[in-house]
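Novice: this one's sequence-less:
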Ligand SMILES: [Zn+2]
């Protein structure tokens, strides 16, 4: 059996999602969201995902087994096996038992006798933006880029113009937010659509896809985030606090995110010299993790949950697909002529000579 298995998860934001940086920065928005340090595209950190998954799996295990005991003492999964794990007051901390589906899958800080902790059998990547909704003159379009499509196993070549690549030709340029871009056609666009449909992305989104180069994607995403303004209410008076107006940004409703969960093989691990009995295979680990998905759809992820934010519907959670190549360069057409960066054919029969033009 493999040492680990990777499971690709694709989810649709049912509300705006705000996963905050926990601090303010100078600028237009006080409460900013977490961004990738290199691309500047907003994301949900894997550590945030692991935290909400842990809480929801503990809730569900508690629902299924409300009278759980350890050594003859009541030890409910929720809240004790959720949370940060350090005992405090009535909170007993992580149970650290080899038969606990929460502590084995998500790890624990340290064992009952202060022995070492356990890293957990499930590892979470960051959730990255796969498709991002942008207003255009023709209604919303969901934009993506080669870097984002790599998350779902697509290696897209030839998207190198400052243009929007679509499935079918179109005469007029298209605005993505404030950015006006010429249209190119990608001959293998249907392969991208097919891959997304296979991952459960709804047809209304697949019919409105637009592909842009990697360098444009962060600009379009960051200039089309949702920004809301709120005011703090004084609990004593019920009126707005003075100087307490604040704004916060969020990924808009309709954003499609992708993340991977790597499930390790429980057979390769022990907890304080004992075999792990809660789960016996990477598939088992993934089955436990999946218990969180109905909760994600109804309770959500990130902050501002009381302001109608954060619900995330999982569209697909199967094994990660293998890599597939998509070439948008060779068959692209545009009003200004063929792409100048199209590679030369690798084996030369009849090679076109540039000096042949008059
Ligand atoms: Zn536990």
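Specialist: Cool, the structure landed. Keep in mind it's a predicted model, so treat the numbers as computed, not measured.

Novice: lowest-confidence helix or strand of this structure?
Specialist: Taking mean pLDDT, DSSP states H and E as the measure, the helices and strands of the chain show their lowest mean at strand 20-24, namely a mean of 67.

Novice: can you get me a residue count around residue 88?
Specialist: By other CB atoms under 10 Å, 9 other residues sit near residue 88. Yep, even glycine has a C-beta here, placed from its N, CA and C like the rest.

Novice: how about residue 251?
Specialist: With other CB under 10 Å as criterion, residue 251 counts 31.

Novice: beta partners for it?
Specialist: residue 17 (DSSP bridges).

Novice: do I have it right that it meets residue 128?
Specialist: No - in this structure, residue 251 is not within contact of residue 128 by CB atoms under 8 Å, at 10.9 Å.

Novice: what do the two both touch?
Specialist: Here residue 251 and residue 128 share the contacting residues residue 257, scored by CB atoms under 8 Å, 6 or more residues apart in numbering.

Novice: which stretches of the protein have low pLDDT?
Specialist: The chain contains residues with pLDDT under 70 at 1, 22-30, 111-115, 242-244, 304-307, 330-358.

Novice: at 50 what do you get?
Specialist: Along the chain, segments meeting pLDDT under 50 span 26, 332, 334-358.

Novice: quick one, helices of it?
Specialist: Ranges of helices within the chain are 46-64, 101-106, 146-149, 189-198, 203-206, 217-222, 282-290, 293-298, based on DSSP state H.

Novice: between those helices, which gets nearest to the ion?
Specialist: Across the helices of the chain, the ion has its closest neighbour in helix 101-106 (3.3 Å, CB to the ion).

Novice: now what about the closest one, what contacts it?
Specialist: Helix 101-106 has contacts (CB under 8 Å, 6+ apart) with 50, 53-54, 57-58, 61, 77, 81-82, 94-98, 118, 120-122, 266, 271, 276, 278-279, 285, 288-289.

Novice: cool, and stretch 259-267?
Specialist: If you take CB under 8 Å, 6+ apart as the criterion, stretch 259-267 is touched by 1-9, 11, 44, 46, 49, 104, 121-128, 151, 276, 278-286, 289, 320.

Novice: 7 Å instead?
Specialist: Stretch 259-267 is contacted by residues 1-9, 49, 104, 121-127, 276, 279-282, 285-286, 289, 320 when judged by CB atoms under 7 Å, 6 or more residues apart in numbering.

Novice: quick one: buried residues of it?
Specialist: If you call a residue buried by 16 or more other CB atoms under 10 Å, then stretch 259-267 has these buried ones: 259-266.

Novice: and if you look at stretch 101-117?
Specialist: With burial defined by 16+ other CB under 10 Å, the residues of stretch 101-117 counted as buried are 101-108, 111.

Novice: wait, what's in contact with residue 66?
Specialist: Neighbours of residue 66 in contact, by CB under 7 Å, 6+ apart: residue 76.

Novice: need the phi and psi values for it.
Specialist: Note on residue 66: backbone dihedrals following degrees, to the nearest 10 are phi -70, psi -20.

Novice: quick check: the gap between it and residue 101.
Specialist: 15 Å (CB to CB, to the nearest Å).

Novice: with residue 159 instead?
Specialist: Distance, residue 159 to residue 101, using CB to CB: 43 Å.

Novice: cool, and residue 202?
Specialist: Distance of residue 202 to residue 101, computed by CB to CB: 32 Å.

Novice: tell me where the stretch 51-200 of the chain has strands.
Specialist: For the stretch 51-200 of the chain, the strands defined by DSSP state E, counting those that start in this stretch cover 69-70, 73-74, 122-124, 127-134, 141-144, 154-157, 164-166, 174-176, 179-181, 183-185.

Novice: mind putting those strands into TSV with mean neighbour count and distance to the ion?
Specialist: Formatted as TSV, the strands of the stretch 51-200 of the chain follow (neighbours: other CB atoms under 10 Å; distance: least, CB to the ion, whole Å):
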stretch	mean neighbour count	distance to the ion
strand 69-70	13	8
strand 73-74	9	13
strand 122-124	22	14
strand 127-134	23	25
strand 141-144	24	39
strand 154-157	18	39
strand 164-166	24	49
strand 174-176	19	47
strand 179-181	17	50
strand 183-185	21	54
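
Novice: relative to residue 246, which of the ones you listed is closest?
Specialist: strand 127-134 (24.4 Å; CB to CB).

Novice: grab the most central residue of this protein for me.
Specialist: Nearest to the mean C-alpha position of the chain, by CA atoms, centre = their mean, lies residue 127 at 2.4 Å.

Novice: for residue 222, see how far away that one is.
Specialist: For residue 127 relative to residue 222 (CB to CB), the value is 17 Å.

Novice: which residues of the stretch 101-250 of the chain lie near the ion?
Specialist: When proximity is defined as CB under 5 Å from the ion, the stretch 101-250 of the chain approaches the ion at 102-103.
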